[in-house]
Every structure is written in C-alpha cells, then in structure tokens.
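Participant: Pasting the sequence and the predicted model now:
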Amino acid sequence: MLSAWIGSFIFAGAAVFYILLTLGLPYGEFAMGGKHRIMPSQMRVACAVSVVIQLLAILYLLQAGHVISIGLPFDRGVCYFFAVYLILNTVMNLLSDSKKERLVMTPLSLVTAICYGLTAIMRGS
C-alpha cells in the first residue's frame, strides 16, 4: 500500500532527524518549538524516546499496509492513534515560534498523518 510506504519513509526521516538532535547536532530550530539550536540534555532524552516511538509506529504502519507481517496487535487502531497524534502535531507545528519548524515540519507531519489515516481506512476495506 503506497500510503504505508510514503508515511514510513517520512517518519523514518524524522527518526533520523531526532537521532541527530539526540547526538547534539545543531538542528534544534526545526523541532520542539525551535527555542534551542542544540538541544539541552533533558530534551535529548525526549528526542531519544521519540525515536523509539517513531520506529515502533513505522512497524505498525508497514504491517497495517500489508508491507510486512510481524504479528503486532491492533495495527489499525494504532494507525488511527498516530493519525490523530500527527494532526495535533501539525497544529502545534503551525503554532511554533520557529519559522523553520512551521515551514518544514508542518507539511511533513500533515502528510504523515494522512498516510496513517488512509492506511487505517484501507486496512478496514
């Protein structure tokens, strides 16, 4: 299913981005409100936790899209959950003080939300 591939590709890119933030690279203006060019220690921990969640979300999306089969439970419901979460994330990105976050992360989170929603809907067909 194309939406599963597109959504997981974008989310994988986000996971790589958050790994870079965790490692202290100066891309903080694109994330978490854009207040820190280099994330402070506590925010790096949050970035690392986010990577784990993103990777799990990718597995659910790929399973729901029939790309992989690894026996995860409740894949359709998880896709709906992430669709809603990413819509809220899109709104938060739109409200960010960081112009870079608004311009880059907003469309990425919106497209990913749509991919999760479409995959969940198509999974029910």
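Facilitator: Good, I have the coordinates. Numbers count the residues shown, from 1 in each chain.

Participant: What are the boundaries of the helices in this protein?
Facilitator: 2-22, 41-64, 75-94, 99-100, 106-124 (DSSP state H).

Participant: can you redo the ones you listed as CSV with distance to Met32?
Facilitator: Any C-beta I mention is one placed from the backbone N, CA and C, and that applies to glycine too. As requested, those are exported to CSV (distance: least, Cβ to Cβ, whole Å):
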stretch, distance to Met32
helix 2-22, 8
helix 41-64, 6
helix 75-94, 10
helix 99-100, 12
helix 106-124, 13
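
Participant: and of those, who's closest to Gly34?
Facilitator: helix 99-100 (6.2 Å; Cβ to Cβ).

Participant: from memory Gln104 sits against Phe30, does it?
Facilitator: Just to correct that, residue 104 is Val rather than Gln. Yes. Taking contacts as Cβ atoms under 8 Å, Val104 lies within contact range of Phe30: 5.7 Å.

Participant: Leaving out chain neighbours, which residue sits closest to Asn93?
Facilitator: Excluding its sequence neighbours, the residue lying closest to Asn93 (Cβ to Cβ, 6 or more residues apart in numbering) is Thr106, at 4.1 Å.

Participant: What number of neighbouring residues does that neighbour come out with?
Facilitator: 18 (other Cβ atoms under 10 Å).

Participant: mind listing what it touches?
Facilitator: Contacts for Thr106 were tallied using Cβ atoms under 8 Å, 6 or more residues apart in numbering; they are 90, 93-94.

Participant: Could you check how far the closest residue to Glu101 other than its chain neighbours is from Lys99?
Facilitator: Leaving aside its sequence neighbours, Glu101 sits nearest to Gly34 (Cβ to Cβ, 6+ apart; 4.7 Å). In this view, Gly34 and Lys99 are 8 Å apart by Cβ to Cβ, to the nearest Å.

Participant: Compare these two and say which is more crowded by neighbours.
Facilitator: Gly34 (19 against 10).

Participant: Help me confirm that the more buried one comes into contact with Lys100.
Facilitator: Yes. Assessed by Cβ under 8 Å, Gly34 is found in contact with Lys100 at 6.2 Å.
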